[in-house]
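Participant: just to be clear, the model below is a prediction. Sequence and coordinates:
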Amino acid sequence: MAVVTLTVLKAKYQTGDFPTEQDFIDLIDTLANDSIAVYKRYMEILYGQGVEQDNIMERLMDNYQQIKLLLCLIMVLQQHS
């Protein structure tokens, strides 16, 4: 499992490529790592604007669920191509 650069990720998912299981693992790890940093900043901004802590967590969980669904869709599409 590795966090890789955006350039490396883009190179693995071009038309005609067949990403490996490790490529998907790297994609998920990279997105998760980047998402954590983005979410931390997102929380800082919202909390600084006086948004309730419970509302922040609810928004984060909604976004997390959307990311999970998107990654599942990518994997299913890849299997059927």
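Facilitator: Happy to help now that I have it. Remember, predicted model here, so these are calculated numbers, not experimental data.

Participant: and the residue nearest in space to the middle of the chain, what element?
Facilitator: Nearest to the geometric centre of the chain sits residue 31, at 3.4 Å (C-alpha atoms, centre = their mean). In this structure, residue 31 sits in helix 21-48 according to DSSP states H and E.

Participant: elements contacting that helix?
Facilitator: Secondary-structure packing of helix 21-48 (3 or more C-beta pairs under 8 Å, 6 or more residues apart in numbering; DSSP states H and E): helix 6-12, helix 53-79. For every residue, glycine as well, the C-beta is placed using N, CA and C.

Participant: mean neighbour count and mean pLDDT added to the ones you listed, as JSON lines?
Facilitator: What follows is these, written out as JSON lines (neighbours: other C-beta atoms under 10 Å; pLDDT from 0 to 100):
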{"stretch": "helix 6-12", "mean neighbour count": "12", "mean pLDDT": "85"}
{"stretch": "helix 53-79", "mean neighbour count": "12", "mean pLDDT": "74"}
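
Participant: rewinding a little: quick one: distance of the helix holding residue 31 to the chain centre.
Facilitator: 6 Å (C-alpha atoms, centre = their mean, to the nearest Å).

Participant: quick one: buried residues of that helix?
Facilitator: 23, 24, 26, 27, 28, 30, 31, 43, 46 (16 or more other C-beta atoms under 10 Å).

Participant: can you put the residues you listed in a markdown table and add distance to residue 58?
Facilitator: Converted to a markdown table, the buried residues of helix 21-48 look like this (distance: C-beta to C-beta, whole Å):
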| residue | distance to residue 58 |
| --- | --- |
| 23 | 33 |
| 24 | 29 |
| 26 | 30 |
| 27 | 26 |
| 28 | 23 |
| 30 | 25 |
| 31 | 21 |
| 43 | 12 |
| 46 | 11 |
